[in-house]
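[1] Fold the following.
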Amino acid sequence: GQGLQALPLLGRYNPDMSTLPPAEPAIDVRTIADLPFHVMGRFQKPMVMGRVRGGEVQGISSKELFEQVRDLSLGLSALGMGPRDRIAIVSESRPEWLLTDLATVCAGAVTVPIYPTLSAAQARYILQDSGARIAVVSTRAQLQKIQEVRHQLPAIEAVILIDHDPEEASPSVLSFADVMQRGHARMVAEWGTAREFRDATRQVQPGDLATIIYTSGTTGEPKGVMLTHAALVANMRAGADALDVHQEDVALSFLPLSHAFERMVGYIYLLRGVTVVFAESFDTIGRDAALVRPTVFTGVPRVYEKMHGRILEKGRSASPAKAALFRWAMNVAMARGRAMLAGRRPSPLLSLQAALADRLVFAKVRDGVGGRLRYLVSGSAPLGVSLAEFF
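    Predicted coordinates:
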């Protein structure tokens with residue numbers, strides 16, 4: 001891949017990485033299964049993960065995240081999930097995606113992400129090839145997709161539906177809430193269950209398989225890429241060291257967690273205690289950014305191309321005087337961006353012009369995405385030089 005490219009915004013850039021504050025050590029995280037314990041023990045936050053629903057942010061605390069992961073893991077284990085079993089996730093990005101991922105690996109089982117945009121036949125191939133025993137799906141539409149091919153999947157013992165739908169309940173279709181409640185009931189009724197959960201996570205070793213991510217299949221059938229905990233943790237720590245994010249930050253997440261990029265970013269957020277809020281949908285990113293007021297978010301170059309296009313269109317469609325001011329500000333910003341990316345200090349005149357352009361034009365641009373952005377991160381494909389200069 002192309003790695004992570006951080007785009008510091010408007011005066012935040014510092015080419016001398018030695019001046020960044022030292023990264024907080026994460027020696028207690030050897031596997032992804034350690035993350036829930038790390039979050040609960042280190043970050044006492046009223047909201048560590050959330051989602052925008054109907055124009056409002058709904059979230060859970062650090063303690064609730066740990067408890068939900070624990071209860072879900074115990075509930076899945078009650079259904080027969082054991083070490084090395086494959087658990088498929090067919091869902092859009094949302095808190096339950098990460099909760100399921102963490103609950104699975106805490107039991108030593110293996111997560112198999114499936115893009116929710118895949119057809120029933122494509123999903124069937126991955127479910128069959130991976131040998132998945134349980135599938136966790138987000139909506140009725142995703143459930144119906146799996147049910148359409150379920151007769152061809154004898155290894156699937158249960159399907160768990162995240163969105164509550166009484167009409168879809170059956171002995172082999174369980175609700176997400178019911179599975180979590182089943183795990184919580186074990187906590188209440190069975191002495192020593194909490195200790196068993198902790199002991200199970202300690203049994204997970206860095207060399208154990210954590211996930212199987214399937215390729216797009218553009219050159220034949222998809223191939224399952226087998227990734228260990230050690231591989232994921234190494235990437236997570238390297239990414240966390242490269243980005244100056246911490247527990248005061250708020251992230252808006254909208255890329256698919258089925259992709260390795262955003263999933264790794266989610267792990268980094270948990271490692272550093274960043275509050276991550278999932279957008280309601282890809283179409284509501286603009287509205288949700290103004291609501292969440294993120295300090296950081298991640299995107300692929302296409303996202304930034306669209307942002308760039310909207311900003312230019314808004315500037316060009318203004319009155320003649322404002323359009324001229326916008327063009328002047330753009331020229332100033334591009335000159336400053338080129339200097340910054342080349343490691344040069346902008347001249348006093350350019351710095352003065354940039355400060356004026358920021359006050360008259362670009363502060364309003366930032367306000368459109370909440371007014372608090374410190375970083376944009378681009379990944380998964382090369383970012384154009386002109387885009388990097390612009391941002």
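
[2] CA only for contacts and neighbour counts going forward, please
    Will do.

[3] So what touches the helix or strand harbouring Arg302?
    Of the helices and strands defined by DSSP states H and E, Arg302 is found in helix 301-316. Applying C-alpha atoms under 8 Å, 6 or more residues apart in numbering, the contact partners of helix 301-316 are Lys322, Ala323, Phe326, Arg327, Val365, Ser378, Gly379, Ala381, Pro382, Leu383, Gly384, Leu387.

[4] From Ile212, how far out is the residue lying closest to the first one once chain neighbours are set aside?
    Nearest-residue entry for Lys322: Gly315, 7.5 Å, with adjacent residues in sequence omitted and distances by C-alpha to C-alpha, 6 or more residues apart in numbering. Remark: distance between Gly315 and Ile212 (C-alpha to C-alpha, to the nearest Å) = 45 Å.

[5] What of Asp249?
    Applying C-alpha to C-alpha, one obtains 30 Å for the distance of Asp249 from Ile212.

[6] May I see the buried residues of the next helix or strand after the helix holding Arg302?
    Stepping forward along the backbone from helix 301-316, the first helix or strand reached (DSSP H and E) is helix 320-341. Neighbour-count burial for helix 320-341, counted by 16 or more other C-alpha atoms under 10 Å, picks out 323, 325-326, 329-330, 332-341.

[7] Show the pLDDT at the residue nearest to Ser73 when sequence neighbours are not counted.
    Nearest-residue entry for Ser73: Ala103, 4.4 Å, with adjacent residues in sequence omitted and distances by C-alpha to C-alpha, 6+ apart. We have a pLDDT of 98 for Ala103.

[8] who's in contact with the helix or strand Ala103 falls within?
    Following DSSP H and E, the helix or strand that holds Ala103 is helix 95-106. With contacts defined as C-alpha under 8 Å, 6+ apart, helix 95-106 is touched by 32-36, 49-51, 65, 68-70, 72-73, 76, 87, 89, 91, 110-111, 136, 162, 197, 200-201, 204, 210, 257, 266, 278.

[9] just checking, what packs against the one helix or strand Glu64 maps to?
    With secondary structure defined by DSSP H and E, Glu64 is part of helix 62-78. For helix 62-78, the elements it packs on are helix 35-42, helix 95-106, helix 176-189, judged by 3 or more C-alpha pairs under 8 Å, 6 or more residues apart in numbering; DSSP states H and E.

[10] Just the buried residues of that helix, please?
    The neighbour-count check on helix 62-78 (16+ other C-alpha under 10 Å) flags 62-77 as buried.

[11] Partner strands of the helix or strand just after it and their direction?
    Per DSSP H and E, the first helix or strand lying C-terminal to helix 62-78 is strand 86-90. Using DSSP bridges, strand 86-90 pairs in its sheet with strand 110-114 (parallel), strand 134-137 (parallel).

[12] out of Asp249 and Ile212, which sits in the busier spot?
    More neighbours surround Ile212 than the other of Asp249 and Ile212, with 22 against 19 (other C-alpha atoms under 10 Å).

[13] Touching the helix holding Glu64 from outside, list them.
    When contacts are taken as C-alpha under 8 Å, 6+ apart, the neighbours of helix 62-78 outside the stretch itself are 36-37, 39-40, 43-49, 99-100, 102-104, 106-107, 179-184, 186-187, 197.

[14] next one: stretch 188-202
    The set of residues external to stretch 188-202 that reach it, using C-alpha under 8 Å, 6+ apart, is Ala33, Asp34, Arg70, Leu74, Val105, Cys106, Ala107, Gly108, Arg186, Met187.

[15] ok, the residues you listed vs Asp244, which is closest?
    Looking at the contacts of stretch 188-202 and their distance to Asp244, the nearest is Asp34, at 21.9 Å (C-alpha to C-alpha).

[16] who are the neighbours in contact with the closest one?
    In this structure, Asp34 makes contact with Asp28, Cys106, Thr201, judged by C-alpha under 8 Å, 6+ apart.

[17] now the helix or strand harbouring the last one against helix 35-42, angle please.
    When elements are defined using DSSP H and E, Thr201 is found to belong to helix 193-203. Note on geometry: by axes from the mean of the first three to the mean of the last three C-alpha atoms, to 10 degrees, helix 193-203 and helix 35-42 are set 120 degrees apart in direction.

[18] one step back: what angle do the helix holding Glu64 and helix 95-106 make?
    Going by the same axes, to 10 degrees, helix 62-78 makes 60 degrees with helix 95-106.

[19] for the stretch 101-250 of the chain, which spans come out with low pLDDT?
    Applying pLDDT under 70 to the stretch 101-250 of the chain picks out residues 168-169, 217.

[20] where exactly do the helices run in it?
    Ranges of helices within the stretch 101-250 of the chain are 120-130, 140-149, 176-189, 193-203, 229-242, based on DSSP state H, counting those that start in this stretch.

[21] export those helices to TSV and tack on distance to Thr218?
    Listed next are the helices of the stretch 101-250 of the chain as TSV, based on distance: least, C-alpha to C-alpha, whole Å:
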stretch	distance to Thr218
helix 120-130	12
helix 140-149	22
helix 176-189	33
helix 193-203	36
helix 229-242	25
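
[22] Serialize those helices to a markdown table and add fields for distance to Phe391 and mean neighbour count.
    Output for the helices of the stretch 101-250 of the chain, formatted as a markdown table (distance: least, C-alpha to C-alpha, whole Å; neighbours: other C-alpha atoms under 10 Å):
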| stretch | distance to Phe391 | mean neighbour count |
| --- | --- | --- |
| helix 120-130 | 38 | 18 |
| helix 140-149 | 37 | 17 |
| helix 176-189 | 41 | 18 |
| helix 193-203 | 42 | 15 |
| helix 229-242 | 19 | 18 |
